[in-house]
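Student: sequence first, then the predicted structure, then my questions.
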Amino acid sequence: MNNLQPAMWDDNSRNLFGDAEEIGISTRRADGTLRPFVPIWVVSVDGTLYVRSYRGVDGAWYRHATRSPVGAIRAHGQQIDVAFAPAGDDVQDAIDAAYRAKYARYGDSYLRPMVATTAVAATLEIHPGN
């Protein structure tokens, strides 16, 4: 059994990435190189960063992140190595609320897919790399 706890965000990094309008997200290939960055919305709930694939589990970046859960994110000229982990069911309502609060100005055509069952099923936590 793995007893390792994920790394925690320091306040500056959590705010830098969590408050960003969107971040670039990338996953690592088998040879360690990064795939092209994809822009994605991000929310922070209780000190943890979360992302969702609006295409659900069929989204390419999501498939890569679940197969090899390491990569990088970038925003505001900063880049950091990260690890991805499935988000628990117990936090999904809070994540929905965070998406609604942060991105409401975009209206239902953009926000609704991010809180739909398809996207909820493809929610990942992002942790800073060790």
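Tutor: That came through, no problem.

Student: dihedrals phi and psi, the spatially most central residue of the chain?
Tutor: Of all residues in the chain, the one closest to the mean position by Cα atoms, centre = their mean is residue 51, 2.6 Å from it. In terms of degrees, to the nearest 10, the main-chain angles of residue 51 are phi -130, psi 160.

Student: what about the chain, any weak spots by pLDDT?
Tutor: Low-confidence segments of the chain (pLDDT under 70): 1-6, 130.

Student: tell me which residues of stretch 72-86 are tucked away?
Tutor: Neighbour-count burial for stretch 72-86 flags 72-75, 80, 82-84 (criterion: 16 or more other Cβ atoms under 10 Å). Any C-beta I mention is one placed from the backbone N, CA and C, and that applies to glycine too.

Student: now, which of those residues sits nearest residue 96?
Tutor: Among those, residue 84 lies closest to residue 96 (Cβ to Cβ), at 19.4 Å.

Student: correct me if wrong: the closest one contacts residue 67.
Tutor: No: here residue 84 lies out of contact with residue 67, judged by Cβ atoms under 8 Å, at a distance of 10.1 Å.

Student: export the lengthiest strand in the chain as PDB, just CAs?
Tutor: Secondary structure of the chain per DSSP state E: the longest strand is strand 78-86. Only the C-alpha atoms of strand 78-86 are listed here, as PDB (Å, rounded to 0.1, in the frame of the first residue of the first chain):
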ATOM      1  CA  GLN A  78       5.600  30.400 -14.700                       C
ATOM      2  CA  GLN A  79       5.800  26.600 -15.300                       C
ATOM      3  CA  ILE A  80       5.800  23.800 -12.700                       C
ATOM      4  CA  ASP A  81       6.000  20.100 -12.800                       C
ATOM      5  CA  VAL A  82       2.800  18.400 -11.400                       C
ATOM      6  CA  ALA A  83       1.100  15.100 -10.700                       C
ATOM      7  CA  PHE A  84      -2.500  14.300 -11.500                       C
ATOM      8  CA  ALA A  85      -4.900  12.300  -9.400                       C
ATOM      9  CA  PRO A  86      -8.600  11.500  -9.700                       C
END
